[in-house]
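K.L.:
whatever this is, show me its structure:
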Amino acid sequence: MKVSVTTTKFDLTEGDLKQMCQLGVDCVDFGTGSSFPGVKEQGYPDLDELLKMKRRVRSFGLDINRVTLPDLSKKFMNNEDGSEVELENSVKAVKVFGEAGITIVRQRFEGDTFNYMTKSYQARQRGGAIARGESLGFNKEEYETPTLEEHEKWWSRFRDAYAELVPVCEDYGVRIGMHPSDSPNHDTPFGGLGYRRIIDEFPSSNVGYVYCVGTRAEEGGSPLVLNEINHYGRKDRLFLVHFRNVRGTLPTAGAFEEALLDDGDMNMFKILLELRKVGYKGCLNPDHVPMMEGDNPDLNGNWAHSNIGWSYGSVGFAYSIGYIKALLAALVEFEG
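P.N.:
Residues are numbered from 1 along each chain as shown. Next comes the predicted model:
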């Protein structure tokens, strides 16, 4: 297993790459589809610019692990006129990434989360570290979730997209991984039941998961995570693992808080043992890192209290990377 970090930007500085190299990071995951040169101009990434970045990343002993396709918006999910160009651009992006030798992509779909169901808050933890909290109880606003008919309509558009993307992924040697709905509120498309439905409907070996340990723990804690790793791992459908710890679950506490890797409800070494047991050889990515003293966090409106991507000089990321590398070293000794 290796270590990757997510960046929400494309233009990594020499300082970024030096620090990644010094910390022992193996790979970079590009988490924002619109960040690639060419997407804003032509709708999909420019191959030449992508290859330049790949060479630059490799010059520091790193590699590109996972990338993100251009988003499929509400317009596409509602099947509005002219929206098919979005899917066409995603298909073209798969071809570009395949030609560049990048083998894991993720497609984002508008409407796979229901953030209006929870109230986001700033959780203060050990020594005043700041983390993302989400609560069902603190939200006093009325809301409606989609009906069964609306849900099936959404899934119909998901199937339309994957029906176009999956054959191209197969042709270009690219695996397409899906992140679970974050947060996993009731009836979200990629909660526990919908997440399994992806490989039921698209049984191709190129279809699998960006499996987020923390997000799935928010739905059912450590037992659910271990069971899903065993289930998906035996099928060789785990393409990337987001190695995140949390406190609490939505069904039990009505809330959860993201936590440092050694300070949540899960024993992350047990997660690592289960991944090794099913033969996982991909990257472990410490995403959504709590903010520590001295951090320069990467924040946005959706994740106001969570350090979602790599930033130069991030104490939280440095701590998490070191913790994962120590677990990996311990795993070797544990197995003899």
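
K.L.:
hey, let's count contacts and neighbours off CA atoms from now on
P.N.:
Noted.

K.L.:
and Ser314, what is it in contact with?
P.N.:
Taking C-alpha atoms under 8 Å, 6 or more residues apart in numbering, we find Ser314 in contact with Gly294, Asp295, Asn296, Pro297.

K.L.:
for Thr10, which non-adjacent residue is closest in space?
P.N.:
Thr isn't right for residue 10; it's Phe. For Phe10, ignoring the flanking residues on the chain, the nearest one in space by C-alpha to C-alpha, 6 or more residues apart in numbering is Ser35 at 5.5 Å.

K.L.:
mind pulling the model confidence for the one you found?
P.N.:
If you check Ser35, the pLDDT there is 94.

K.L.:
kindly report the same for Val67.
P.N.:
98.

K.L.:
still on that earlier bit, for ChimeraX, what selects the buried ones among the contacts of Ser314?
P.N.:
The ChimeraX command for the buried members of those (criterion: 16 or more other C-alpha atoms under 10 Å) is given here:
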select :295,296,297
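
K.L.:
put together TSV for the contacts of Ser314, with distance to Tyr211 and pLDDT on each row.
P.N.:
Output for the contacts of Ser314, formatted as TSV (distance: C-alpha to C-alpha, whole Å; pLDDT from 0 to 100):
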residue	distance to Tyr211	pLDDT
Gly294	30	87
Asp295	26	84
Asn296	26	80
Pro297	23	77
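
K.L.:
now the helix ranked longest in the chain: buried residues?
P.N.:
When the chain is parsed with DSSP state H, its longest helix is helix 148-172. Using 16+ other C-alpha under 10 Å as the test for burial, helix 148-172 gives Trp154, Trp155, Arg157, Phe158, Ala161, Tyr162, Leu165, Val166, Val168, Cys169, Glu170, Tyr172.

K.L.:
tell me which of these is nearest to Val5?
P.N.:
Closest approach between the buried residues of helix 148-172 and Val5, by C-alpha to C-alpha: Cys169, at 23.4 Å.

K.L.:
the closest one touches Gly177, doesn't it?
P.N.:
No: the criterion here is C-alpha atoms under 8 Å, and Cys169 misses it with Gly177 at 10.8 Å.

K.L.:
where does the stretch 51-200 of the chain have low pLDDT?
P.N.:
Along the stretch 51-200 of the chain, the model assigns pLDDT under 70 to no residue.

K.L.:
before we move on, back to that, neighbours around the residue nearest to Phe10, how many?
P.N.:
Using other C-alpha atoms under 10 Å as the criterion, Ser35 is surrounded by 19 other residues.

K.L.:
which residues touch it?
P.N.:
Ser35 neighbours (C-alpha under 8 Å, 6+ apart): Thr8, Lys9, Phe10.

K.L.:
if we take the residues you listed, which one ends up nearest to Ile271?
P.N.:
For these, the nearest to Ile271 is Thr8 (26.1 Å; C-alpha to C-alpha).

K.L.:
got a pLDDT number for the closest one?
P.N.:
pLDDT, Thr8: 93.

K.L.:
what is the neighbour count of it?
P.N.:
Counted by other C-alpha under 10 Å, the residues lying close to Thr8 total 20.

K.L.:
so it touches Phe30, yeah?
P.N.:
Yes: with contact defined as C-alpha under 8 Å, Thr8 reaches Phe30; the gap is 6.1 Å.

K.L.:
need the residues that contact stretch 209-222.
P.N.:
Residues outside stretch 209-222 that contact it (C-alpha under 8 Å, 6+ apart): 106, 176-185, 191-192, 224-225, 237-251, 256, 258, 265-266.

K.L.:
with stretch 234-245 instead?
P.N.:
When contacts are defined by C-alpha under 8 Å, 6+ apart, stretch 234-245 is touched by residues 104, 175, 177, 205, 207-215, 217, 229, 232, 258-266, 268, 278-280, 282-289.
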